[in-house]
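Participant: Sequence first, predicted coordinates after that:
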Amino acid sequence: GAVVSQHPSWVICKSGTSVKIECRSLDFQATTMFWYRQFPKQSLMLMATSNEGSKATYEQGVEKDKFLINHASLTLSTLTVTSAHPEDSSFYICSAEGTRGSYNEQFFGPGTRLTVL
Amino acid sequence: GENVEQHPSTLSVQEGDSAVIKCTYSDSASNYFPWYKQELGKRPQLIIDIRSNVGEKKDQRIAVTLNKTAKHFSLHITETQPEDSAVYFCAAKYSGANNLFFGTGTRLTIIP
């Protein structure tokens, strides 16, 4: 149980185009999902917290108009990188908050590697 | 917000020896401390976690200890094997928040 998928697993796009990444909780409902960005040999940096039915909460320094987040259902959140540039190339990982026993836990997706040419 | 520091950044140990990775946190309200293992290009996998109501937790060759007074927690891997080679991240979460604060990671290499 508690499986999170991401699509696509990798994407290559031209500079200036937009890319949408999907994060799905397959066997549980997630009111809250998180989007992280990870550069090579670095830690996971939280970009934003996505709440179903409401606006996402962005971390300081993350442009909300560039990284559009939509959490339209309890099993799907999407991250759209608008007007992507080479510096946006990174590994994007989502996680969904579910329960394990009586506690909440984050379950991570497999990540999406974005390369902007 | 919470600040999590992790040491060392790289660690090489001989197969069969033990490995210890340490993290400190800043917010005394933090009450949940998971450890993740991440292989190259893969998702972080939860390997063990501890909550602030206990001081130690063990799962086979992996253990985590928590010192709330000193605000640090450690991952211990005994009888290391080549498949333990990966990057390990600690994290902390404080009561009232639902996001994790990650450490900077430790690249562990097990030497056969």
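Facilitator: Happy to help now that I have it. Everything quoted here is computed from the prediction, not taken from an experiment. Residues are numbered from 1 along each chain as shown, chains lettered A, B, ... in the order given.
Participant: all contacts plus neighbour counts: C-alpha atoms, from now on.
Facilitator: Noted.
Participant: In space, what's closest to the most far-flung residue of chain B relative to its centre - neighbours in sequence excluded?
Facilitator: No residue in chain B sits farther from the centre than residue B:112, which is 22.7 Å out by Cα atoms, centre = their mean. Of all residues not flanking residue B:112 in the chain, residue B:15 sits nearest, at 5.2 Å (Cα to Cα, 6 or more residues apart in numbering or on different chains).
Participant: The one you found contacts residue B:85, doesn't it?
Facilitator: No. Taking contacts as Cα atoms under 8 Å, residue B:15 lies outside contact range of residue B:85: 10.1 Å.
Participant: thinking again about what came up before, what's the local residue count around the residue nearest to residue B:112?
Facilitator: By other Cα atoms under 10 Å in any protein chain shown, 18 other residues sit near residue B:15.
Participant: repeat for residue B:38
Facilitator: Residue B:38: 18 neighbours (other Cα under 10 Å).
Participant: Need phi/psi at the residue of chain B found nearest chain A.
Facilitator: Chain B approaches chain A most closely through residue B:43 (4.6 Å), counting by Cα to the nearest Cα. When read as degrees, to the nearest 10, the backbone of residue B:43 gives phi -80, psi 150.
Participant: for chain A, what spans make up the strands?
Facilitator: Applying DSSP state E to chain A gives strands spanning A:4-7, A:10-13, A:19-25, A:32-38, A:45-51, A:57-58, A:67-73, A:76-81, A:90-100, A:103-108, A:112-116.
Participant: Let me know which of those strands is the nearest to chain B.
Facilitator: The nearest among the strands of chain A, by Cα to the nearest Cα, is strand A:103-108 at 6.3 Å.
Participant: The residue of chain A found nearest chain B: neighbouring residues, count only.
Facilitator: Using Cα to the nearest Cα, residue A:110 is the residue of chain A that sits closest to chain B, at 4.6 Å. When neighbours are defined as other Cα under 10 Å, residue A:110 has 24 of them.
Participant: Show me what from chain A comes close to chain B.
Facilitator: Contact residues, chain A versus chain B (Cα under 8 Å from any Cα of the partner chain): A:34, A:42, A:43, A:44, A:45, A:49, A:93, A:108, A:109, A:110, A:111.
Participant: run the last query once more with 10 Å
Facilitator: A:32-34, A:40-46, A:48-49, A:91, A:93-95, A:97, A:104-113 (Cα under 10 Å from any Cα of the partner chain).
Participant: about what we covered before: what residues do residue B:15 and residue B:85 have in common as contacts?
Facilitator: Shared contacts of residue B:15 and residue B:85, defined by Cα atoms under 10 Å, 6 or more residues apart in numbering or on different chains, comprise B:109, B:110, B:111.
Participant: No more questions from me, cheers.
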